[in-house]
Every structure is written in C-alpha cells, then in structure tokens.
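A.B. asks: fold the following and give me the result.
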Amino acid sequence: MKKYDKLIFVSGSDTSTSPMAEAILQSKYLLEDILIDSKGLVVLFPEPINPKAEAILAGNGLSMKNHTSEPLIWEDFDERTLILTMDHAQKEKILLDYEGVKNLYVLTEYISEAEEVKDPYGGDLADYGRCFEQLKELINKLVIVLNEEELLA
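C.D. replies: Next comes the predicted model:
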C-alpha cells in the first residue's frame, strides 16, 4: 500500500521554485502513482509561472506554461498528503498558521540534505538555472526516497 496519495511542493508565491519542483518530479518515474502539485504561502491572486522559471524549464524539455499559482489551504493537509517546503522559514510559517499539521518537511530535510533551496526571485536567468539544477539534484534523491518507502511499505 502506498504511503502518500499526493505531494505538494510549497514556496512563497508558487511562481518559481515550487512549480519547477513540480515539473521536475512529474518527469520522473515513481513506483506508485502520486498526484504532484505546488502551492504558495502568499498568493493574493492567481499568477502564471515566472517567465525566467518557464524559460529554464523549456530549455530542459519541461513546461509549466499553463500553471497558475494557488494558495496553500487547510484542506491540503491530510494523512495521505506529503507537504515539502523549499526552506525552514516556510515550514515554520505553516506550523504557525495551521495547528496539528502532519507530513510536513523541508524538501532537504526529507531527503537528509543540508542546503536549502535558494529562491532565485529577482535574479537573472543564470540564477534560475542554478536553482533548477539544485532542484533537479534534490528531486533525483527524493525519487529514490519515495520509491524506497514504497518498497518498504
């Protein structure tokens, strides 16, 4: 039996790091089907993916051009959903805003890595490229962890 039905990547605005993470994981092979999504902590109105993030994704054969930012809401939290933030500050904000949350981790914490994802907001295309490469490396490790969990379940 699979451990999670859904995985949500969470970032500040859901316009760059979390949709890039979503696109990367969707391109990977998981032993069990899992719904992959991204949400933001501060989404005042729906926005498309950051053009620099989309350009980097497109350059790597991926796309989130139809992505629209969505806020993280209470209904997103349940026993069968894994929620991964990009950094510890985002995790702490969720813990303050939503009491009793389960299955909440920083992406790097979940895969036992130290360095948090660096948000490229305000940076140039090269900054978004470095963020993509970091996410790709972290998500490759995430795939291994998720698949191992399925084998052990």
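A.B. asks: tell me the contacts of the nearest residue to V145 once chain neighbours are set aside?
C.D. replies: Spatial nearest neighbour of V145, excluding adjacent residues (CB to CB, 6 or more residues apart in numbering): I111 at 5.2 Å. Bear in mind the C-beta positions are built from the backbone N, C-alpha and C, glycine included. I111 is in contact with L138, K141, L142, V145, counting by CB atoms under 8 Å, 6 or more residues apart in numbering.
A.B. asks: looking at those, spot the one nearest V42.
C.D. replies: L138 (22.6 Å; CB to CB).
A.B. asks: gap between the closest one and L44?
C.D. replies: 28 Å (CB to CB, to the nearest Å).
A.B. asks: show me which of those two is the more surrounded one.
C.D. replies: Remark: of L138 and L44, L138 carries more neighbours, 22 against 9, as counted by other CB atoms under 10 Å.
A.B. asks: doesn't the more buried one lie inside a strand?
C.D. replies: No: counting by DSSP: H, G, I helix; E, B strand; the rest coil, L138 is not found in a strand; it is helix.
A.B. asks: how many neighbours does the residue lying closest to it once chain neighbours are set aside have?
C.D. replies: Among residues not flanking L138 along the chain, L107 sits closest, at 5.8 Å (CB to CB, 6+ apart). The number of residues packed around L107, counting by other CB under 10 Å, is 25.
A.B. asks: was I right about L107 contacting K141?
C.D. replies: No: in this structure L107 lies outside contact range of K141 using CB atoms under 8 Å: 9.4 Å.
A.B. asks: follow-up on the earlier one: separation between the residue nearest to V145 and V43?
C.D. replies: Taking CB to CB, one finds I111 at 26 Å from V43.
A.B. asks: and the strands in the protein?
C.D. replies: For the chain, the strands defined by DSSP state E cover 6-11, 35-40, 81-85, 104-106.
A.B. asks: pipe the contacts of I111 into a markdown table and attach pLDDT and distance to D97 per row.
C.D. replies: Converted to a markdown table, those look like this (pLDDT from 0 to 100; distance: CB to CB, whole Å):
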| residue | pLDDT | distance to D97 |
| --- | --- | --- |
| L138 | 98 | 25 |
| K141 | 97 | 28 |
| L142 | 98 | 24 |
| V145 | 96 | 26 |
